[in-house]
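# no sequence for this one, just the structure:
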């Protein structure tokens, strides 16, 4: 990459979450890559609030580069929407589901090399009770799982931490009743989890729906109306592929707005963080944010395991599908 000088240089607010799983990354290499590509990083103090920094420096920078996981991206979303600044992502989290949904390199240095020549593309945001999210919001099993996971376990075990916590949560999961209102219909069902997806991937390897994208202007809803917890194990392959909506005990549909009511307040998990409670009002805000990402046509398709493998293992031979 040839160095860029003069009027073509851009200024980027570079904020990295030191508490993310890979938050200890030495940023010197990242800074060098960005500067060689014509981007001058502007860095706030390590303990600064990312939202306050984005708002305060909005007139002084051309873009925001966030290093962290999906929780970091969600934290910054309100300020990004308010300022209109485009977002570039350094994947430093445990699952990095948004980066995978967008087809971004998961290696932080590869992601940094991508930014200087990348185009900013519009993406949707999900919204629930005033909270933005990129990937999936859930009530029930996934919310209990989010409460079980600790930052320490995610940093120590990575994606494996999700599986360990899931086994513990499965032992105590119980069905509950929800009232679902959408598109002029009201339904009352018994479920162990309802999920409302804006993006494609979530939970370190799950897929909300096989054709879902972060820019399709839709919410993908599903409800796991299973009789026994062990049915989740049988559904796991379909949940990973995003084909679970075809199962007889899974209710699935697409919409743009939905309301969920439970008998007593239940926590809502948005991309791994417990941020609100039922009753929950969900909406999608189409193309509300600009993110530096590959051309959507280059994203892996529903069963494009080879392309996905190259994203997950950029420096290694891709495992056989």
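Alright, I've got the coordinates. If you're wondering where the values come from, they're calculated on a predicted model, not measured in any experiment.
# where does the chain have its least confident helix or strand?
Ranking every helix and strand in the chain by mean pLDDT, DSSP states H and E puts helix 305-312 at the bottom, with a mean of 44.
# May I have the residues that are in contact with residue 91?
Counting by C-beta atoms under 8 Å, 6 or more residues apart in numbering, residue 91 touches 22, 69, 99, 104, 105, 106, 107, 108, 111. Yep, even glycine has a C-beta here, placed from its N, CA and C like the rest.
# Okay, now the unreliable bits of this protein?
Within the chain, the segments meeting pLDDT under 70 span 1-7, 18-24, 146-172, 299-321.
# Now residue 278, what are its backbone angles?
For residue 278, the backbone dihedrals are phi -70, psi 150 (criterion: degrees, to the nearest 10).
# That one reaches residue 269, doesn't it?
No. With contacts counted by C-beta atoms under 8 Å, residue 278 stays clear of residue 269, the gap being 11.7 Å.
# Settle it for me: which of these two has more neighbours?
Neighbours were counted for residue 278 and for residue 269 using other C-beta atoms under 10 Å; residue 269 has more, 26 against 23.
# partners of the more buried one in the sheet?
Applying DSSP bridges to residue 269 yields these beta-bridge partners: residue 138, residue 274.
# wouldn't it be in contact with residue 139 here?
Yes. Between residue 269 and residue 139 a contact is recorded at 7.5 Å, counting by C-beta under 8 Å.
# How far does the helix or strand hosting residue 286 sit from its chain's centre?
Assigned by DSSP states H and E, residue 286 falls within strand 280-293. Centre-to-centre, strand 280-293 and its host chain are 12 Å apart (C-alpha atoms, centre = their mean, to the nearest Å).
# ditto for stretch 180-194
How far stretch 180-194 lies from its chain's middle: 24 Å, per C-alpha atoms, centre = their mean.
# Show residues contacting it.
Contacts with stretch 180-194, where a contact means C-beta under 8 Å, 6+ apart, come from 138-142, 173-179, 221-226, 229, 232, 251, 253, 255, 257-261.
# Likewise for stretch 202-212?
Counting by C-beta under 8 Å, 6+ apart, residues outside stretch 202-212 touching it are 94-95, 97, 135-136, 142, 145, 159, 162, 195, 197, 199-201, 218, 220, 222, 239-243, 245, 252, 254, 271-272, 302-303.
# Now do the buried residues in it.
202, 203, 204, 206, 207, 208, 209, 210, 212 (16 or more other C-beta atoms under 10 Å).
# mind checking how far the fifth one is from residue 239?
Right, residue 207. 7 Å (C-beta to C-beta, to the nearest Å).
# same thing with the fourth one?
Between residue 206 and residue 239 the distance, using C-beta to C-beta, works out to 5 Å.
# hmm, back to that, please indicate which of the contacts of stretch 180-194 are buried?
Judged by 16+ other C-beta under 10 Å, buried ones among these: 138-142, 173, 175-176, 178, 221-226, 229, 232, 251, 253, 255, 258, 260-261.
# Strands - which of the residues you listed land there?
Counting by DSSP state E, these place 138-140, 176, 178, 221-224, 251, 253, 255, 258, 260-261 in strands.
# Pull up the distance across stretch 222-239, start to finish.
For stretch 222-239, the first-to-last residue distance is 11 Å (C-alpha to C-alpha, to the nearest Å).
# got the contact list for it?
With contacts defined as C-beta under 8 Å, 6+ apart, stretch 222-239 is touched by 140-141, 170-171, 173, 178, 180, 189-195, 197, 206-209, 244-247, 249-252.
# again, 7 Å this time
170, 173, 189-195, 206, 244-245, 247, 249-252 (C-beta atoms under 7 Å, 6 or more residues apart in numbering).
# Tell me where the stretch 1-150 of the chain has helices.
Here the stretch 1-150 of the chain has its helices, by DSSP state H, counting those that start in this stretch, at 28-36, 50-56, 70-83, 97-102, 108-114, 141-148.
# Pick the most buried one from the ones you listed.
helix 97-102 (a mean of 27; mean count of other C-beta atoms under 10 Å).
# Can you list the neighbours in contact with it?
For helix 97-102, using C-beta under 7 Å, 6+ apart, the contacting residues are 70, 73, 89, 91, 106, 134-135, 199-202, 214, 291, 293, 311.
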